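In: fold the following for me, if possible:
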Amino acid sequence: MTSSPKYSGLLTDLYELTMAAGYLDAGFDARATFELFVRSVPPRRNYLVAAGLAQGLDFLENVRFSDEEIAYARKLPVFVHTRGDFFNYLAQFHFSGDVWAMPEGTVFFPGEPILRVAAPIIEAQIVETFLLATINFQTMIASKAARITQAAEGRPVIEFGTRRAHGIESGVLAARAAIIGGCQGTSNVAAGYQFGIPVYGTQAHSWIMAYQDEAEAFRRFLDIFPDHAVLLVDTYDVRAAVEKIISLGRKPRGIRLDSGDLAADSAWARARLDQAGWKDVIVFVSGDLDEERISSLLGEGAKIDGFGVGTALVTSNDSPTLGVIYKLVEIEIGGEVRSAAKFSAAKVTYPGRKQVFRFSHPDGNLAHDIIGLMEETFSGAETLLEPVMMGGKRTVPRTDLDAARTRCLQQRARLPEPVRDLNSEAAAYPVRHSEKLEALLEEVRRRVQHAARS
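Out: Predicted coordinates:
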């Protein structure tokens, strides 16, 4: 059998495979339920934005082990005493489980499961690493994008960061996640092709520097791209460059500032362009921007129509990791269901299949969430987890990025002001566990303590 490297079963941690071999050798035939959630928000985050589900489902539908990959696994020292049944199992491996998840673009909070997997325990273990990686990364970027686009106060933000991403694949997926978090487009052409994202680009300083005369560089670009030329004006002297463009009598789509005093230069350029009768020529800025600098620029009176944000966005530089975890919450063996929880200090996890119930005020603004058991109901609550895969097959269409973006922006707007505030450090959105879930946790705790004493 052959498989695509994109969906290789080896895209996992070794201990997932050693556990799989152990379960198989021991005849441990169980169906397990795992839930994926974030234990706590990182600094300067009061909410997160779910992203990465589509790539997770793609993997679950297509994950396989090729003959070459199985041959490699056989040679690993850890498997020297492993029976052939395990490698025969890998040759037939496919994911046959069920998945529930929050739609991409959903605003969520610590402790809330954003994805639940129910499958034969070996399958559920092997896919853990990929699910954690793809949801961790895209959720991190979408959450950063939500902050940046909020700071822009309705002005378009274009993702510009592929060249600073941690690898080219990260750049493509960061562009996708940035759209979910509210960005309008990307500079990454591959992301535009793969996901239908609008792509944008202007010119580099090298275009200007390649010509002996700056005005000639502008003229040539206008000749080639008369409807889309956004001219970079900070290579030498911003004000002189703007005057050269006006003297050409050729109105560009816009100008771009990438360095210098962006507030002062944008205000001067706006006034000068308006004076020339070019009120529809946009002033676009880029260069080491993040939500704080964008807020500061607008607070200083900068006259900016749009932003290009790169490094800070695609690396989520102020909070570059999320504590996304994937924990066993229920196991079924021979028709008997047993809830599972972890009780180690500071890392307690809640047992049972859960649902997130969201409540709103009469005006539509979000009020609080309850994490409860799947079978519970609460009057007036919206449920956030929905079935997305059954028997290893998708049950929902692929994510519509426009819809995911709209979902994010609408839910962000409904957050309490202190939670939405970019400068707030300790504005926790109210989330609690239901009484039944708390009771189940105590029941499992007593059972575990009794077993430990036996």
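In: hey, let's count contacts and neighbours off CA atoms from now on
Out: Noted.
In: now Glu336. Its backbone dihedrals?
Out: As for Glu336, its main-chain torsions (degrees, to the nearest 10) stand at phi -100, psi 130.
In: which intervals of the stretch 251-400 of the chain have sub-threshold pLDDT?
Out: Nowhere does the stretch 251-400 of the chain drop to pLDDT under 70.
In: show me where it has strands.
Out: 254-257, 282-285, 306-309, 324-333, 336-339, 354-360, 366-373, 382-383, 386-390, 393-394 (DSSP state E, counting those that start in this stretch).
In: select, out of the ones you listed, the one closest to Tyr193.
Out: strand 306-309 (19.7 Å; C-alpha to C-alpha).
In: for the closest one, packing partners?
Out: Contacts defined by 3 or more C-alpha pairs under 8 Å, 6 or more residues apart in numbering; DSSP states H and E place strand 306-309 against strand 157-159, strand 282-285.
In: adjacent strands (with direction) for the shortest one?
Out: Spelled out, that is strand 157-159. Pairing partners of strand 157-159, with direction, according to DSSP bridges: strand 185-186 (parallel), strand 306-309 (parallel).
In: show me where the stretch 101-250 of the chain has its strands.
Out: Counting by DSSP E, counting those that start in this stretch, the strands of the stretch 101-250 of the chain are 107-108, 115-120, 157-159, 185-186, 230-232.
In: list the buried residues of the stretch of helix or strand Ala413 belongs to.
Out: Ala413 belongs to helix 401-414 when assigned by DSSP states H and E. Residues of helix 401-414 classed as buried by neighbour count (16 or more other C-alpha atoms under 10 Å): 401-402, 404-409, 411-412, 414.
In: by contact count, what packs against the lengthiest helix in the chain?
Out: When the chain is parsed with DSSP state H, its longest helix is helix 128-151. The contact analysis (3+ C-alpha pairs under 8 Å, 6+ apart) places helix 128-151 against strand 48-49, helix 53-62, helix 168-180, helix 291-299, helix 311-314, strand 324-333.
In: redo that, cut-off 6 Å
Out: Counting contacts by 3 or more C-alpha pairs under 6 Å, 6 or more residues apart in numbering; DSSP states H and E, helix 128-151 packs against strand 48-49, helix 168-180, helix 291-299.
In: got TSV for the helices and strands packed on strand 306-309, with mean neighbour count and distance to Trp100 too?
Out: Listed next are these as TSV, based on neighbours: other C-alpha atoms under 10 Å; distance: least, C-alpha to C-alpha, whole Å:
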stretch	mean neighbour count	distance to Trp100
strand 157-159	28	30
strand 282-285	23	41
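In: the ones you listed: which one's closest to Ala204?
Out: Ala204 lies closest to strand 282-285 among the helices and strands packed on strand 306-309, at 13.1 Å (C-alpha to C-alpha).
In: tell me which residues are up against that closest one.
Out: By C-alpha atoms under 6 Å, 6 or more residues apart in numbering, the list of residues contacting strand 282-285 from outside reads 254-258, 304-307.
In: what pairs with that strand, parallel or antiparallel?
Out: Its sheet considered, strand 282-285 pairs with strand 254-257 (parallel), strand 306-309 (parallel) by DSSP bridges.
In: return the last one as CSV; C-alpha atoms alone will do.
Out: Pointing back at strand 306-309 there. This file holds the C-alpha atoms of strand 306-309, laid out as CSV (Å, rounded to 0.1, in the frame of the first residue of the first chain):
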residue,chain,number,x,y,z
GLY,A,306,-5.4,49.2,5.7
PHE,A,307,-2.7,47.2,7.4
GLY,A,308,-0.3,44.4,6.3
VAL,A,309,0.7,42.3,9.3
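In: residues in contact with that strand?
Out: 155-160, 284-286, 289.
In: ok, now with 8 Å
Out: 152, 155-161, 282-290 (C-alpha atoms under 8 Å, 6 or more residues apart in numbering).
In: equivalent analysis for stretch 289-301, please.
Out: Residues outside stretch 289-301 that contact it (C-alpha under 8 Å, 6+ apart): 147-152, 262-263, 267, 304, 308-310, 312-313.
In: buried sites along it?
Out: Buried positions in stretch 289-301, judged by neighbour count with 16+ other C-alpha under 10 Å: 289-291, 294-295, 297.
In: switch these over to CSV; also include distance to Pro110.
Out: What follows is the buried residues of stretch 289-301, written out as CSV (distance: C-alpha to C-alpha, whole Å):
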residue, distance to Pro110
Leu289, 28
Asp290, 24
Glu291, 22
Ile294, 27
Ser295, 26
Leu297, 32
